[in-house]
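[1] could you look at this predicted model? Sequence included:
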Amino acid sequence: MVAAVSARIRLAIWGDRTSKGASEVYDAEELLRDAAVRHGVRFAVLVAETALWVDPDVHRRLLKENGTGAWFPAIRRGRRNHGEIRGQSRDGVTFDDNSYANQAIKRALGIPSANLKGFETCHIWPRTCYDPRYHTAIANLVLLPRALAGFTDHDSQIRAALQYRAFELYSWHPEGAECPTRPSYYPDSWRSPEPFTGEVRRALEKRRVESWAGVSPSQFPSPNGSGPDAASQSVSTKQPAASVGVEPMTAKEHAFVVGRIRQWASKPSINAHRIVGIVVRATGGIDRTTLIREAGRVTGSANPSGAITSMMTSRGNAYGRVFIDEGGVVRIHPEVAGEVAKHRWQ
């Protein structure tokens with residue numbers, strides 16, 4: 001009798017699996033959700049209590065600086081089926097796997113990587129990793145325990161909860177996406193964002209000073225200035241900077257940038273020529289957000305922010321450091337301003 005009752009219970013819970021044919025479809029997400037409902041497990045609550053979020057002030061500062069909120073504006077995930085390999089660059093954009101996104105959120109949190117065990121960096125909005133505006137956008141990133149990270153790719157309810165939480169914190173969603181609404185299953189209690197510490201402040205300040213474009217995440221320069229190409233990037237005593245806080249050019253870099261300026265000046269139809277022209281016509285410099293918007297309008301480029309960022313560094317495959325950013329205002333680099341003035345810009 002007991003055995004018969006047990007059999008009926010098992011049949012009620014699991015169904016008659018002996019009757020299922022070879023064509024039966026097993027949906028893992030559906031099975032997992034059904035099991036969670038039966039046992040009262042709410043995965044969204046687990047995510048809410050364990051997710052690590054960056055202080056919203058970091059997002060606001062980056063948004064003011066570059067208009068996208070990205071920690072590395074000229075980086076996106078490469079499409080391997082298109083032959084886009086990590087470390088390669090095209091049109092001023094460098095391809096990544098998830099390394100730059102991982103570095104971005106950890107630096108923005110102000111927590112050393114060694115102190116973050118078992119977490120994975122997740123993008124909140126699907127496929128935004130392929131857009132340089134959003135691949136390292138702080139409002140698009142969250143750290144989750146590795147055991148839960150897969151939910152962001154495979155569970156629509158978790159994605160919706162994370163998207164609304166990001167909107168709550170940052171008042172942000174990707175351009176073209178509908179403004180998220182609060183899901184009915186949305187957890188009432190979420191882990192608070194990590195505090196804006198001195199480490200976070202230093203990371204932001206360092207980010208503004210250093211130019212990361214074209215540098216492998218494993219080779220980011222250290223605070224004392226060491227790192228890749230340290231010799232070629234060393235300060236030249238023969239060419240002091242004309243502005244406080246602007247890193248002087250070496251003779252090698254100066255020659256490189258002057259050569260680029262002459263090339264661009266001779267080709268009015270290329271995007272670099274048009275972008276320089278916008279800055280030249282802006283007396284006293286131009287707000288970076290305004291420059292990005294105007295460059296997009298004038299050039300028709302899908303990634304004007306990446307092109308502008310690439311014109312602020314001479315490292316890697318970047319265009320060349322013809323611009324400087326002083327407090328969100330873009331100007332011609334003082335050491336090449338004379339060369340720029342020699343040419344006509346449309």
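    Thanks, I have the structure now.

[2] okay, CA-based contacts and neighbour counts for the rest of this
    Fine.

[3] next, the buried residues of the helix or strand containing Gln103.
    Take DSSP states H and E as the rule and Gln103 turns out to sit in helix 99-109. Buried positions in helix 99-109, judged by neighbour count with 16 or more other C-alpha atoms under 10 Å: 100-109.

[4] cool, and stretch 269-277?
    For stretch 269-277, the neighbour count (16+ other C-alpha under 10 Å) marks 271-277 as buried.

[5] chain center to the helix holding Gln103: distance?
    Taking the mean of its C-alpha atoms, helix 99-109 sits 8 Å from the chain's own mean (C-alpha atoms, centre = their mean, to the nearest Å).

[6] likewise for stretch 155-170?
    Taking mean C-alpha positions (C-alpha atoms, centre = their mean), stretch 155-170 and its chain are 18 Å apart.

[7] same check, this time on stretch 284-291
    For stretch 284-291, the distance to the chain centre is 21 Å (C-alpha atoms, centre = their mean).

[8] quick one: the strands in this protein?
    75-77, 89-90, 93-96, 119-123, 141-145, 286-287, 323-326, 329-332 (DSSP state E).

[9] what comes into contact with the first one?
    Translated: strand 75-77. Strand 75-77 is contacted from outside by 86, 93-98, 100, 129-136, 213, 306, using C-alpha atoms under 8 Å, 6 or more residues apart in numbering.

[10] do the last one as well
    Residues lying outside strand 329-332 but in contact with it, judged by C-alpha under 8 Å, 6+ apart, are 279-280, 284-288, 291, 322-325.

[11] mind doing that once more with 6 Å?
    Outside of strand 329-332, the residues within contact range by C-alpha atoms under 6 Å, 6 or more residues apart in numbering are 285-288, 322-324.

[12] quick one: strands adjacent to that strand?
    Applying DSSP bridges, strand 329-332 is found paired with strand 286-287 (antiparallel), strand 323-326 (antiparallel).

[13] so how far is the last one from its chain's centroid?
    Mean C-alpha position of strand 323-326 versus that of the full chain (C-alpha atoms, centre = their mean) differs by 20 Å.

[14] and the average pLDDT for that strand is what?
    Computed over strand 323-326, the mean pLDDT rounds to 89.

[15] can I get that strand in CSV, CA atoms only?
    Output of strand 323-326 as CSV, limited to C-alpha atoms (Å, rounded to 0.1, in the frame of the first residue of the first chain):
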residue,chain,number,x,y,z
PHE,A,323,43.5,66.0,-28.7
ILE,A,324,43.6,66.4,-25.0
ASP,A,325,40.6,66.2,-22.6
GLU,A,326,40.8,68.8,-19.8
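
[16] name the residues of that strand that are buried.
    323-326.

[17] measure Pro132 to Glu253 for me?
    26 Å (C-alpha to C-alpha, to the nearest Å).

[18] comparing those two, which residue is more hemmed in?
    Higher neighbour count among Pro132 and Glu253: Pro132, with 24 against 18, using other C-alpha atoms under 10 Å.

[19] OK, contacts around the more buried one?
    Contacts of Pro132 by C-alpha under 6 Å, 6+ apart are 73-76.

[20] swap in Asp96?
    Contacts for Asp96 (C-alpha under 6 Å, 6+ apart) come out as 76-78, 86.

[21] how much space separates the residue nearest in space to the middle of the chain from Arg60?
    The centre of the chain sits closest to Thr136, judged by C-alpha atoms, centre = their mean, with a distance of 0.9 Å. The gap separating Thr136 from Arg60 is 14 Å, by C-alpha to C-alpha.

[22] next, give phi and psi for Asp55.
    Backbone torsions of Asp55, given as degrees, to the nearest 10, read phi -60, psi 130.

[23] chain neighbours aside, what residue packs nearest to it?
    Pro193 (5.2 Å; C-alpha to C-alpha, 6 or more residues apart in numbering).

[24] same check on Val93?
    With C-alpha to C-alpha, 6+ apart as the criterion, Val93 has its nearest non-adjacent residue at 4.8 Å, and that residue is Ala74.

[25] cool, and Cys179?
    In this structure, Cys179 finds its nearest non-sequential neighbour in His173, 6.6 Å apart by C-alpha to C-alpha, 6+ apart.

[26] give me the number of residues near the one you found?
    If you count neighbours by other C-alpha under 10 Å, His173 ends up with 19.

[27] any idea how far it is from Cys122?
    Counting by C-alpha to C-alpha, the gap from His173 to Cys122 is 15 Å.

[28] and Leu109, by the same measure?
    Distance of Leu109 to Cys122, given as C-alpha to C-alpha: 14 Å.

[29] go on, Val276?
    Counting by C-alpha to C-alpha, the gap from Val276 to Cys122 is 36 Å.

[30] same thing with Pro183?
    On the measure of C-alpha to C-alpha, Pro183 and Cys122 end up 20 Å apart.

[31] out of the two, which sits in the more crowded spot?
    The residue with more neighbours, out of Pro183 and Cys122 and counting by other C-alpha under 10 Å, is Cys122; that gives 23 against 13.

[32] for the more buried one, name its beta-bridge partners.
    Val142.

[33] was I right to think it contacts Leu144?
    No: applying C-alpha atoms under 6 Å as the test, Cys122 and Leu144 come out as separate, 7.1 Å apart.
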